[in-house]
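Student: quick one: sequence plus predicted model below, questions after.
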Amino acid sequence: MTLRFSVLASGSTGNAFYIESDQEKILVDAGLSGKQMDRLFSEVNVDPSTLSGILVTHEHSDHIKGLGIMARKYNLPIYANERTWNAMENSIGKLTIDQKFHFQMEETKTFGDMDIESFGVSHDAAEPMFYVFHHQGKKVALVTDLGYVSERIKKTVEGADAYIFEANHDVGMLRMGRYPWNVKRRILGDSGHVSNEDCGLALADIIGNETKRIYLAHLSKDNNMKDLARMSVHSVLEERGIKLDLMDTDPNQPTTMYEVS
C-alpha cells in the first residue's frame, strides 16, 4: 500500500494537512478550532484518536489554533523544533511532558513505515520548517509559508509524486488591495509568502516525471482567487511545456483523499 493524504484546510485563516500510510496517521498543523478540526476529520472518515501524532511547521495562529485542544482531547504527541516550542508554548495551553517531542530542522525521523524529512523555510516565524514524506519510493512535499523558494529547498523537494505548494497571492491584487503598506511589504518580502507566478516558476524547476498532482495552497482570502491562481501557475508551466492538473484547496473544506500511486 502507499501514501494517502488530504489537505484538510488551507488558506490565511487556517491550515491542516493529513497524511497516512498503512501503519501511520500524521497530522501537520491544527490551525482551526478543535470543533472545526473534528468536522474536517469526519468529512474524510478519519478518527482523530487514531493519529500517530501532530507535526508543527511554525507558531502562527493559522497553524496552531486547535493544536493544544486536539493534543489534550486525543492524548496525542506533538513534534516541533525547539525554537517553535518556545514561541508557541504560551498559546497552546498545558500539555504533559510525554506529549512534547523535538523534531529539529533538516532532520529525518522515521514514523513506522514512513520517513519524514524536515527543511527550513524563509518566513517571519521563530524557526519555520516544512516536511517531505517518504514511503516505499513515493514522495509527497508540503511547501507553504515561505518568502522565496531557495535552491536548497528545490533540491530537497524535487521530483515528488505530489506537491502541496503555496500560491498565496496575485502581486497586482496585493499591490492594489486594502492592506497597509507595511503588511504588503512583509508579504512581498523574502520572509513573506510566495506569489502565483513564483509558485509556477519554482514548480517548473522541481517537477519530475513522477509528479502526478499539484495542490495550490495557502491562498490569500483578500489577494487571490482559486481561478486566478490556477490560471497563473498553469500559464507559467505551459510556457515550459509542462502539462499537469492543478488542484484547489480550501480554508473550510478538505480535499478528497488522494492515493499516491
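Tutor: That came through fine.
Student: report the buried residues of stretch 49-68.
Tutor: Neighbour-count burial for stretch 49-68, counted by 16 or more other CB atoms under 10 Å, picks out 51-60, 62-68. All C-beta spots, glycine's among them, are computed from the backbone N, C-alpha and C.
Student: among the residues you listed, which ones are in helices?
Tutor: Members of these lying in helices (criterion: DSSP state H): 62, 63, 64, 67, 68.
Student: pull the most distant pair out of these.
Tutor: Using CB to CB, the pair of those lying farthest apart is 62 and 68, separated by 14.9 Å.
Student: wait, which of the ones in helices among the buried residues of stretch 49-68 is closest to residue 25?
Tutor: If you rank these by distance to residue 25 using CB to CB, residue 67 comes first, at 16.3 Å.
Student: quick check: the gap between that closest one and residue 93.
Tutor: Here the distance between residue 67 and residue 93 works out to 9 Å (CB to CB, to the nearest Å).
Student: who's in contact with the nearest residue to residue 188 once chain neighbours are set aside?
Tutor: The shortest distance from residue 188 to any residue that is not its chain neighbour, by CB to CB, 6 or more residues apart in numbering, is 6.9 Å, and that residue is residue 174. Residue 174 makes contacts with 184, 187, 188, 195, 220, 223, as judged by CB atoms under 8 Å, 6 or more residues apart in numbering.
Student: what would the residues you listed look like in CSV with secondary structure?
Tutor: Formatted as CSV, the entries for these read as follows, by DSSP: H, G, I helix; E, B strand; the rest coil:
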residue, secondary structure
184, helix
187, helix
188, helix
195, strand
220, coil
223, coil
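Student: just the buried residues of the residues you listed.
Tutor: Applying a neighbour-count criterion of 16+ other CB under 10 Å, the buried members of the contacts of residue 174 are 184, 187, 195, 220, 223.
Student: isn't residue 50 up against residue 25?
Tutor: Yes. At 5.6 Å, residue 50 counts as touching residue 25 under the criterion of CB atoms under 8 Å.
Student: longest helix in the chain, by residue count?
Tutor: Criterion DSSP H: the longest helix present in the chain is helix 226-239.
Student: after whatever helix or strand residue 141 lives in, next one along is what?
Tutor: Under the criterion of DSSP states H and E, residue 141 resides in strand 138-143. The C-terminal neighbour of strand 138-143 among helices and strands, as given by DSSP H and E, is helix 151-157.
Student: for that next one, buried residues please.
Tutor: When neighbours are counted by 16+ other CB under 10 Å, the buried residues of helix 151-157 are found to be 153, 156, 157.
Student: correct me, but residue 63 touches residue 32?
Tutor: No. Applying CB under 8 Å, one finds residue 63 not in contact with residue 32, separated by 9.9 Å.
Student: quick one: furthest residue from the center of the chain?
Tutor: residue 176 (27.0 Å; CA atoms, centre = their mean).
Student: quick check: phi and psi at it.
Tutor: Summarising the backbone geometry of residue 176 under the convention degrees, to the nearest 10, its torsions are phi -80, psi -10.
Student: now residue 116
Tutor: Main-chain dihedrals, residue 116, degrees, to the nearest 10: phi -120, psi 120.
Student: tell me if I'm right that it and residue 134 touch.
Tutor: Yes. Checked against CB under 8 Å, the pair residue 116 and residue 134 is within contact range at 7.4 Å.
Student: where along the stretch 151-261 of the chain do the helices fall?
Tutor: Taking DSSP state H, counting those that start in this stretch, the helices of the stretch 151-261 of the chain run over residues 151-157, 171-176, 181-188, 196-206, 226-239.
Student: could I get the ones you listed as a markdown table with mean pLDDT and distance to residue 215?
Tutor: What follows is those, written out as a markdown table (pLDDT from 0 to 100; distance: least, CB to CB, whole Å):
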| stretch | mean pLDDT | distance to residue 215 |
| --- | --- | --- |
| helix 151-157 | 98 | 14 |
| helix 171-176 | 95 | 21 |
| helix 181-188 | 94 | 21 |
| helix 196-206 | 98 | 11 |
| helix 226-239 | 97 | 11 |
